[in-house]
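Student: sequence first, then the predicted structure, then my questions.
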Amino acid sequence: MEVDVRRDGGGAQQAVTLACDTIYALSSGRPPSAIAVLRVSGPQAGPAVEALAGHIPSPRRAALAEIRHPNTHELLDSALLLWMPGPGSVTGEDIAELHLHGGRAVVDAVQDALAGLPGLRPAVPGEFTRRAFDNGRIDLNEAEGLADLLLAETQSQRRQAQSAAAGELSARLATWRQTLLDLSARAEAMIDFSDEGEVSDAGLEGLRRDAAGLADSLDAMLVSAPAERLRDGVRVVIAGPTNSGKSSLFNRLVERDAAIASPIAGTTRDLIEAPVAIGGVPFLFVDTAGLRQSSDPIESEGVERAAAAVEGADIVLWLGEVDGAPRREEVILVHSRSDIRPGQALPRQIAVSAKTGANIAVLIGEITCRALALLPPEGSTVLNRRQRTGIAEIASSLHYLSRSDGLIIVAEHLRVALRVCDALTGRAGVENMLDALFARFCLGK
């Protein structure tokens, strides 16, 4: 069976699979382990189980079986088998799981046996989830939530990803889509009866009013904090002039020597990033080059990157003179090296010492307090950039519709809104981004 396997710019495999392919992969952690789970999905999953175990167990009931090589009949392992026939499986296809002993030799032997069976091939990363999407078991938003769940490192990230993977946003989109369909049907009906003069101003006004009500609901969702801030971490940039203790403070905050700390001015010439979770809050701390004029082109580039990082920061820790601090609400003024410059902090500054740890807890408390105000509240629906853009487009079409007089234009804007809604769920118009999304998944998922 021909398989279209592609590679992206980074060399990662991406596959556009055909429905008749049968794939297999190790879905548990790398051996050695107590148990190794091999997953097989596709129309040849049943014959593969029969070839290795001699029978197909009852659906969704674990059964103990001897796994033997199909050709030599050598005993490879004693394993638990699970059989989940499609379409009521996670991928929508026939699925078999072999729960093996987790030794490398056992896993390799069973995989080699599967490789020798007709119609089977190894899966590429994310292919099981891609099949679930293609077969309508999940939509695009649920797939993105599952991808985030696999990468979640804090409890808040886990809860947000689980909410998305469980279809919370998808349920809202289904409701909005039905409303759009109803509005569109009303507009089309008005167009059909317009030649007969039976379209009243009250009917058109009611259509506009209902469209405006939906647009207001969409606008209310757009004011929430973005998912990227929760997924990637609140971006905290440490900035200031050269030799002001930025790298030392950076190392203290991330609790490791991630940056070179030196009394020589201009040591840091590029951005150094370190993800950290503090009190369940995800952060991305960024050390920057000292801000000053320099004739060194490499240092000058570092200074430009530092300035750009300050502009894109969620929170800025400023270690320079108060008068030189960026004029932003997100700035925390820090008096560094309080161990060698005691008593010099101004009332608005937090005096800390990266060397002794003095007041570091106070600074972390202030950073965390600011960060919590920037993150979405627990239980709220969080939107990523793609979702925010799509919902904003739908709201824009509805707002424009409410100001339009022509029925044809009203109907067209509703069609546009429906197309965008379908793109948000993956019904249409998203093929270009699917490979990139499913390449984020690990092998066997």
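Tutor: Thanks, I have it.
Student: how far away is the most centrally placed residue in the chain from L230?
Tutor: What sits nearest the mean C-alpha location of the chain, by C-alpha atoms, centre = their mean, is D148, with 4.0 Å. Shown here: D148 relative to L230, a distance of 9 Å by C-beta to C-beta, to the nearest Å. (C-beta placed from N, C-alpha, C; glycine too.)
Student: ok, R131 next?
Tutor: In this view, R131 and L230 are 28 Å apart by C-beta to C-beta.
Student: and P57, by the same measure?
Tutor: Distance from P57 to L230, by C-beta to C-beta: 42 Å.
Student: so between those two, which is more surrounded?
Tutor: Comparing P57 with L230 by neighbour count (other C-beta atoms under 10 Å), the higher total belongs to L230, at 24 against 17.
Student: all the strands of the chain, residue numbers only.
Tutor: Ranges of strands in the chain, per DSSP state E, are 4-7, 13-16, 22-26, 33-41, 63-68, 75-84, 95-102, 120-122, 234-239, 272-278, 281-287, 315-318, 331-335, 350-351.
Student: now the shortest one: mean pLDDT?
Tutor: This means strand 350-351. Average pLDDT, strand 350-351: 87.
Student: which elements pack onto it?
Tutor: Other helices and strands packing on strand 350-351, by 3 or more C-beta pairs under 8 Å, 6 or more residues apart in numbering; DSSP states H and E, are strand 331-335, helix 360-374.
Student: would TSV of the strands of the chain with mean neighbour count be doable?
Tutor: Converted to TSV, the strands of the chain look like this (neighbours: other C-beta atoms under 10 Å):
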stretch	mean neighbour count
strand 4-7	11
strand 13-16	18
strand 22-26	24
strand 33-41	20
strand 63-68	16
strand 75-84	18
strand 95-102	22
strand 120-122	18
strand 234-239	25
strand 272-278	16
strand 281-287	23
strand 315-318	24
strand 331-335	21
strand 350-351	20
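Student: out of the ones you listed, the one nearest I409 is which?
Tutor: strand 13-16 (38.2 Å; C-beta to C-beta).
Student: residues touching S184, list them.
Tutor: By C-beta atoms under 8 Å, 6 or more residues apart in numbering, the residues touching S184 are A411, L414, R415, L418.
Student: run the last query once more with 6 Å
Tutor: L414 (C-beta atoms under 6 Å, 6 or more residues apart in numbering).
Student: what does the pLDDT read for it?
Tutor: Value for S184, per-residue pLDDT: 87.
Student: and L249, by the same measure?
Tutor: 90.
Student: my guess is it contacts A354, does it?
Tutor: Yes. Using C-beta atoms under 6 Å, L249 makes contact with A354 at a distance of 4.7 Å.
Student: looking at those two, which is more packed in?
Tutor: Higher neighbour count among L249 and A354: L249, with 27 against 21, using other C-beta under 10 Å.
Student: so the more buried one versus I340, what's the distance?
Tutor: Distance of L249 to I340, computed by C-beta to C-beta: 14 Å.
Student: domains in this structure, by residue range?
Tutor: 4-139, 158-224+382-426, 230-374 (automatic domain parsing).
Student: span of the second one from start to end?
Tutor: In this case it means domain 158-224+382-426. Using C-alpha to C-alpha, to the nearest Å, the end-to-end distance of domain 158-224+382-426 comes to 23 Å.
Student: repeat for the longest one
Tutor: From its first residue to its last, domain 230-374 covers 9 Å (C-alpha to C-alpha).
Student: from here on, count from 86
Tutor: That works, and once the first residue is 86, the last one we named lands at domain 315-459.
Student: the domains of the chain: which one's closest to C527?
Tutor: Of all the domains of the chain, domain 89-224 sits nearest to C527, with 6.0 Å by C-beta to C-beta.
Student: and the closest one, how far out from the chain's middle?
Tutor: Remark: domain 89-224 is offset 26 Å from the chain centroid, using C-alpha atoms, centre = their mean, to the nearest Å.
Student: what's the mean pLDDT across it?
Tutor: 88.
Student: cool, and stretch 313-324?
Tutor: 88.
Student: then stretch 338-345?
Tutor: The model assigns stretch 338-345 a mean pLDDT of 77.
Student: so, low pLDDT: which residues of the stretch 236-385 of the chain?
Tutor: Across the stretch 236-385 of the chain, the ranges flagged by pLDDT under 70 are 278-287, 343-354.
Student: what ranges do the helices span in it?
Tutor: Assigned by DSSP state H, counting those that start in this stretch, the stretch 236-385 of the chain shows helices spanning 240-250, 253-279, 286-307, 312-317, 331-339, 382-396.
Student: please work out which of those is packed deepest.
Tutor: Of the helices of the stretch 236-385 of the chain, the one with the most neighbours on average (mean count of other C-beta atoms under 10 Å) is helix 331-339, at a mean of 24.
Student: would a markdown table of the domains of the chain with distance to F523 be doable?
Tutor: Formatted as a markdown table, those follow (distance: least, C-beta to C-beta, whole Å):
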| stretch | distance to F523 |
| --- | --- |
| domain 89-224 | 3 |
| domain 243-309+467-511 | 11 |
| domain 315-459 | 17 |
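Student: would you tell me which of those gets closest to A237?
Tutor: Using C-beta to C-beta, these put domain 243-309+467-511 closest to A237, at 4.3 Å.
Student: show me what contacts T453?
Tutor: G364, V366.
Student: pLDDT score assigned to it?
Tutor: 93.
Student: what distance do you get for it to L166?
Tutor: With C-beta to C-beta as the criterion, T453 and L166 are 49 Å apart.
Student: quick one, what contacts A228?
Tutor: T214, F218.
Student: pLDDT wise, what is it at?
Tutor: pLDDT, the model's per-residue confidence, is 87 for A228.
Student: swap in M518?
Tutor: In this model, M518 carries a pLDDT of 56.
Student: of all the helices and strands packed on strand 435-436, which one comes closest to A398?
Tutor: Among those, strand 416-420 comes nearest to A398, with 9.0 Å by C-beta to C-beta.
Student: quick one: mean pLDDT for the closest one?
Tutor: 90.
Student: next, the angle helix 382-396 makes with it.
Tutor: Angle of strand 416-420 versus helix 382-396, following axes from the mean of the first three to the mean of the last three C-alpha atoms, to 10 degrees, is 120 degrees.
Student: show me what strand 416-420 is packed up against.
Tutor: strand 400-403 (3 or more C-beta pairs under 6 Å, 6 or more residues apart in numbering; DSSP states H and E).
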